[in-house]
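Visitor: Provided below for reference: sequence and predicted model.
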Amino acid sequence: MFYPVYLNLKARRVVVIGGGEVAERKIESLLDAEASILVISPEITPRISLLSQQRRIEVLNRRYTPGDCAGAALVLSATGDPEVGKAVHAEASALGVFINTADQPAQCSFIMPAVVRRGDIGVAISTSGTSPALAARLRRKISGIIGPEYARLAELLSRARPEIRNNVGTEKSRKHLHYRIIDSDIITLLKLEDIGPAERRLKQIIEDFVAETRENKTP
């Protein structure tokens, strides 16, 4: 069983051993995380080559050699060569670096889940490496449920946090207010192109809640 966690990889070194389609897919998700990516492979896909030309990643056109995992925050092995996979896993493990070996759950200290992203919202789906295809299908289903309006709601709630903190005294009350906002009709309003009605509705909910809280405190 794997422990779910989100990592901040911004500007941190991630070493990818392999340059095929599997490595390419992993690199694309790492780019979203703004990681500093080093690819080591004698052969690379046209997409990986383009990313290198654009200086979005670094590529060393050679085979893996011992020492390549040094200084990495994460290592991803996707060569398709079992012997190379074992060697990379052994080095990363000895260095205490988290390692993911494609299609080899036993050689993984972390796995990369299927992810649904809506702005700051991320929903990760994992089968603990047993069936990536099932995780992909579940991602498609969840993606149909969680629309872009939820990203807008997360943004509104983020902007409203200072006002809520200044006007609602306790953590418990703030939690109740957040639930009231989330469970209201605001999500329907956020499906509109004009965000104005949702902003006004949010303001109304906060004002009503603050007024109720003050009334309940009145002797």
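Guide: Sure thing, it's come through. This one's a predicted model, so the numbers in the text were calculated from it and none came from an experiment.

Visitor: which residue is nearest the middle of the protein?
Guide: Nearest to the geometric centre of the chain sits residue 122, at 5.5 Å (CA atoms, centre = their mean).

Visitor: state the helix or strand in which that residue lies.
Guide: Per DSSP states H and E: residue 122 is located in strand 121-125.

Visitor: what is the end-to-end distance of stretch 185-195?
Guide: One end of stretch 185-195 to the other measures 13 Å (CA to CA, to the nearest Å).

Visitor: where exactly do the helices run in this protein?
Guide: Taking DSSP state H to define them, one finds helices in the chain at 21-32, 46-53, 82-95, 132-145, 148-167, 171-182, 186-189, 196-217.

Visitor: now for the third one, which elements pack on it?
Guide: Which is helix 82-95. strand 74-77, strand 98-101 (3 or more CB pairs under 8 Å, 6 or more residues apart in numbering; DSSP states H and E). (C-beta placed from N, C-alpha, C; glycine too.)

Visitor: centre of the chain to the first one, how far?
Guide: So the one you mean is strand 74-77. Between the centre of strand 74-77 and the centre of its chain there are 17 Å (CA atoms, centre = their mean, to the nearest Å).

Visitor: buried stuff in stretch 117-127?
Guide: Residues 118, 123, 124, 125, 126, 127 are the ones in stretch 117-127 that count as buried (16 or more other CB atoms under 10 Å).

Visitor: my guess is the last one meets residue 137, correct?
Guide: No. Between residue 127 and residue 137 there is no contact under CB atoms under 8 Å: 10.3 Å.

Visitor: domains for the protein, by residue range?
Guide: 1-112, 113-145, 148-217 (automatic domain parsing).

Visitor: reformat those domains as JSON lines; add mean pLDDT.
Guide: Shown next, in JSON lines, are these (pLDDT from 0 to 100):
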{"stretch": "domain 1-112", "mean pLDDT": "95"}
{"stretch": "domain 113-145", "mean pLDDT": "89"}
{"stretch": "domain 148-217", "mean pLDDT": "92"}
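
Visitor: please identify the deepest-packed of the ones you listed.
Guide: domain 1-112 (a mean of 17; mean count of other CB atoms under 10 Å).

Visitor: quick one on the thing from earlier: save the buried residues of stretch 117-127 as CSV, and put in distance to residue 196 too.
Guide: Putting the buried residues of stretch 117-127 into CSV (distance: CB to CB, whole Å) gives the following:
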residue, distance to residue 196
118, 21
123, 28
124, 33
125, 34
126, 39
127, 42
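
Visitor: of those, which is the nearest to residue 167?
Guide: Set against residue 167, the nearest of the buried residues of stretch 117-127 by CB to CB is residue 118 (27.9 Å).

Visitor: quick revisit: closest to residue 106 out of the helices of the chain?
Guide: Using CB to CB, the helices of the chain put helix 82-95 closest to residue 106, at 8.9 Å.

Visitor: in contact with residue 39, which residues?
Guide: Residue 39 makes contact with 16, 18, 19, 23, 27, 48, 52, 57, 58, 59, 60, according to CB atoms under 8 Å, 6 or more residues apart in numbering.
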